[in-house]
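Colleague: Please work out how this folds:
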Amino acid sequence: MNIIFNKHKKSQAGDTIVEVLIALTILGLALSIAYATASRSLTAIRLANETSNATAIAKSQVEQIRSAASLPSSTFCFSTANISEGDQITANIDTNPDCRLTLYKVKIIPSSGVDTGVYTVNITWDSSGGTYNLNMLYRK
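Modeller: Numbering: from 1, shown residues only. Presented below is the predicted three-dimensional model:
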C-alpha cells in the first residue's frame with residue numbers, strides 16, 4: 001500500500017511553467033479589459049457631469065434673458081448669477097473675461113432678420129476628449 005501512495009504522489013508533481021504563464025496571460029488580459037471599461041465609464045460620467053453643468057448655466061442665462069427689460073442687439077452674456085431691473089449687461093464677449101464661467105465660455109447670440117426676439121445661448125467648454133458645445137434657443 002505504501003508503494004501505491006508514493007506512485008500517486010509522484011504524478012502530482014505541480015504546475016509547469018507553461019501552465020503558469022498561460023494563467024498569468026489570461027489574468028493580465030482580464031485586468032486590461034476591466035481597466036479599459038472603467039476608464040471609458042469614468043470619461044462618460046465626467047462628460048455627462050460637464051454637460052449637466054453647461055445645461056444649468058444655459059438655463060440660468062435664459063432665465064436672465066426672460067427677466068431683462070432690454071437686451072443688446074449684438075452678442076452678449078450675463079456675468080452675474082441673477083439680474084434685476086437696471087443691472088448692467090455684458091455686451092462684448094470677446095474681450096470680457098466675465099463671460100467665462102468656470103470652465104464654460106458663454107455667448108448669447110440674438111437672431112437678426114425675420115426671427116428677431118430669438119436668442120441662442122451657446123456654451124462651449126474644453127475637456128480631455130476635446131471641445132464641446134451646447135446650444136439652447138429661447139424665443140422672447
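Colleague: Stretch 38-57: how far from the chain's middle?
Modeller: Centre-to-centre, stretch 38-57 and its host chain are 3 Å apart (CA atoms, centre = their mean, to the nearest Å).
Colleague: Likewise for stretch 68-79?
Modeller: For stretch 68-79, the distance from its own C-alpha centre to the chain's C-alpha centre is 27 Å (CA atoms, centre = their mean).
Colleague: what do you get for stretch 63-76?
Modeller: Centroid separation for stretch 63-76 versus its chain: 28 Å, with CA atoms, centre = their mean.
Colleague: just the strands in the chain please.
Modeller: Secondary structure of the chain by DSSP state E: the strands cover 100-101, 104-110, 118-127, 130-139.
Colleague: contact partners of the last one?
Modeller: Meaning strand 130-139. Contacting residues not belonging to strand 130-139 are listed as 47, 50-51, 54-55, 58-59, 61-62, 65-66, 117-126 [CB atoms under 8 Å, 6 or more residues apart in numbering]. Just so you know, the C-beta spots here come from the backbone N, C-alpha and C atoms, and that holds for glycine as well.
Colleague: again, but for stretch 43-62
Modeller: Residues contacting stretch 43-62 (CB under 8 Å, 6+ apart): 77-78, 81, 101-104, 106, 108, 119, 121, 123, 125, 127-129, 132, 134, 136, 138.
Colleague: try 7 Å this time
Modeller: Under the contact criterion CB atoms under 7 Å, 6 or more residues apart in numbering, stretch 43-62 has outside partners 77-78, 81, 101, 104, 106, 108, 121, 123, 125, 127, 129, 134, 136, 138.
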